[in-house]
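In: Any chance you could fold what I've pasted below:
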Amino acid sequence: MDIDPRPVAEVRVTLLREREFGLLFWGQAVSVLGDRLVMVAMPFAVLSIPGAGLGSVGVVLGASALSLAVFVLIGGVWADRLPRHLTMLGSDLVRFVAQAGTATLLLTDHATVTRVALLQALYGAAEAFFRPAVLGLVPQVVRPAKVQAANAMLGLTNNVGMVAGPALAGLLVATTSAGGAIAFDAATFLVSGLALARMRPIPFQRRAVAASFRAELTGGWREVRSRTWVWSVIGCFCAYHALVLPALFVLGPLVAVQDRGGAAAWGLITAGFGVGAVVGSLLSLRWRPPRPGVVIGLSLCLASTQSAIVVSTLPTLVVALLELLTGVCVAVTFTLWETALQQRIPADAQSRVSSFDYLGSLVLMPAGYLLIGPLAHTLGTRPAAVVTTATTAVVCLLVAGSPAVRRLAPLT
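Out: Okay, here's the model as predicted:
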């Protein structure tokens, strides 16, 4: 087991002194805070529209998610064709327009569900170009030996935002309005865009550009299909997003209301996960496991227990502590996974591979939300959650034990 002997604070400071990574980190730290904030603020924004109800919230959120799923493979191809930081800059500018437009409609009382849904569809399409580009950009702004630490630092911004974003959203909605909170999110994209505009990442070595978009897309799929460890781990993520997360977010709040006293208990449980995710990111700054593939599989196996944990009869505080442990596992899993892709996938194909990774989760998670209700109705709430956990855990254990995954070893 390889552990960086330097204190975590020293590792962080050393990375942030590198100009290009520092720009990426601080820009994303602000932008991610806005992303987490808007997840809480948007439902309130939609419900403030005259005549809107819960169905309208689903339409608006679904428009963004569907657009992201439709365009993510396209975004992956273009992120491998164009300079990645400029692809991300373009995405930030479009998302600024979408959120500024949404905020303007809300603040001037001109919002309708249709208008907001169309703007959120634009937002989702732009995000589809941003997400795949990030994975490929990190190796262009840090040295190979620092890639995992850089991923952990970026994961840290996401996980801190998971804790701070909802609190800030509540404050902004209470003191201004939901439209004001959306306006804050819009401003964060300008901050991120300014940081990206100042970046000068090291260009990556490009192979000959394929003759057509379809050929490049096919080439990205070939990179996934030719590596057993890649498509098998993506299979684990698909199971986790299709089974565990829908059960977690649908059945967890239900049990919290029925058996734990309501929203305060659910808030404590989700806060536990957020704290654990922060701890996991800090751990990933220094820990270099000798078999990262096995750790990815086993960590995701442990994380899959989330759905069973939150519906259990254990005391709420115990559930929150167990969720803290699963948060550690999730953060470690994603840091090691991103690092493995960046180290082993050719530089000019990393965004396309990342887009296929995202696609599996984006497509299957909505299907999981549709199925978890009937499954819980048929089996019962707790048995349904246990089934989702057990199924995902078996998939992860099989992948962790496969030869291709066991053979993965650190390259730096």
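
In: and the gap between Glu323 and Arg225?
Out: Between Glu323 and Arg225 the computed distance is 35 Å (C-beta to C-beta, to the nearest Å). In short, each C-beta sits where N, CA and C put it, glycine included.

In: who has more neighbours, these two?
Out: Each of Glu323 and Arg225 has its neighbours counted (other C-beta atoms under 10 Å); Glu323 has more, 26 against 12.

In: Please identify the helix or strand for that one.
Out: helix 316-344 (DSSP states H and E).

In: Pull out the buried positions in that helix.
Out: Buried residues in helix 316-344, counting neighbours by 16 or more other C-beta atoms under 10 Å, are found at 316, 319-343.

In: ok now that helix, how far from the chain's centre?
Out: 12 Å (C-alpha atoms, centre = their mean, to the nearest Å).

In: elements contacting it?
Out: Secondary-structure packing of helix 316-344 (3 or more C-beta pairs under 8 Å, 6 or more residues apart in numbering; DSSP states H and E): helix 113-141, helix 147-175, helix 228-239, helix 263-284, helix 292-303, helix 306-310, helix 350-379.

In: Put together a markdown table for those helices, with mean neighbour count, distance to Val387 and mean pLDDT on each row.
Out: A markdown table is the format used below for the helices and strands packed on helix 316-344 (neighbours: other C-beta atoms under 10 Å; distance: least, C-beta to C-beta, whole Å; pLDDT from 0 to 100):
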| stretch | mean neighbour count | distance to Val387 | mean pLDDT |
| --- | --- | --- | --- |
| helix 113-141 | 23 | 30 | 94 |
| helix 147-175 | 20 | 27 | 85 |
| helix 228-239 | 21 | 12 | 94 |
| helix 263-284 | 21 | 21 | 88 |
| helix 292-303 | 24 | 15 | 95 |
| helix 306-310 | 26 | 9 | 94 |
| helix 350-379 | 19 | 7 | 87 |
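
In: Which residue is the nearest non-sequential neighbour of the residue sitting nearest the centre point of the chain?
Out: When C-alpha atoms, centre = their mean is applied to the chain, the residue found nearest the centroid is Asn158 (7.9 Å). Leaving out its chain neighbours, the residue that sits closest to Asn158 by C-beta to C-beta, 6 or more residues apart in numbering is Val32, at 5.4 Å.

In: Contacts only, for that neighbour.
Out: 157-158, 161, 165 (C-beta atoms under 8 Å, 6 or more residues apart in numbering).

In: Can you tell me the element Phe184 falls in?
Out: Following DSSP H and E, one finds Phe184 within helix 178-198.

In: For that helix, report the contacting residues that lie outside it.
Out: 23-24, 26-28, 30-31, 33-35, 37-38, 40-42, 44-45, 48, 85-86, 88-89, 92-93, 95-96, 99-100, 102-103, 105-107, 111, 169, 172-173.

In: repeat that with 6 Å
Out: Helix 178-198 is contacted by residues 23, 27, 30-31, 34, 37-38, 41, 44-45, 48, 85, 88-89, 92-93, 95-96, 99-100, 102-103, 106-107, 169, 172-173 when judged by C-beta atoms under 6 Å, 6 or more residues apart in numbering.

In: what does whatever helix or strand Met88 lives in rub up against?
Out: For Met88, the element it lies in under DSSP H and E is helix 84-107. Helix 84-107 has contacts (C-beta under 6 Å, 6+ apart) with 45, 79, 111, 115-116, 119, 122-123, 126, 129-130, 133, 136-137, 179, 182-183, 185-186, 189-190, 192-193, 196-197, 199, 201.

In: Equivalent analysis for stretch 116-134, please.
Out: 59-60, 63-64, 67-68, 71-72, 75-76, 79, 84, 87-88, 91, 94-95, 98, 101-102, 351, 354-355, 358.

In: one more time with 7 Å, if that's ok
Out: The contact list for stretch 116-134 (C-beta atoms under 7 Å, 6 or more residues apart in numbering) reads 46, 59-60, 63-65, 67-68, 71-72, 74-76, 78-79, 84, 87-88, 90-91, 94-95, 98-99, 101-102, 105, 351, 354-355, 358.

In: Could you turn the buried ones of these into a ChimeraX selection?
Out: To isolate the buried subset of the contacts of stretch 116-134 in ChimeraX, counting by 16+ other C-beta under 10 Å, use the following:
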select :46,59,60,63,64,65,67,68,71,72,74,75,76,78,79,84,87,88,90,91,94,95,98,99,101,102,105,351,354,355,358
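
In: my guess is Phe237 meets Leu359, correct?
Out: No: between Phe237 and Leu359 there is no contact under C-beta atoms under 7 Å: 10.7 Å.

In: quick one, phi/psi of the residue nearest to Asn158?
Out: phi -60, psi -40 (degrees, to the nearest 10).

In: and what of Leu82?
Out: Main-chain dihedrals, Leu82, degrees, to the nearest 10: phi -100, psi 160.

In: show me what contacts the residue nearest to Gln350 when sequence neighbours are not counted?
Out: Counting by C-beta to C-beta, 6+ apart, Gly136 is the residue found nearest to Gln350 once chain neighbours are left out, at 3.9 Å. Counting by C-beta under 7 Å, 6+ apart, Gly136 makes contact with 79-80, 84, 347, 350-351.
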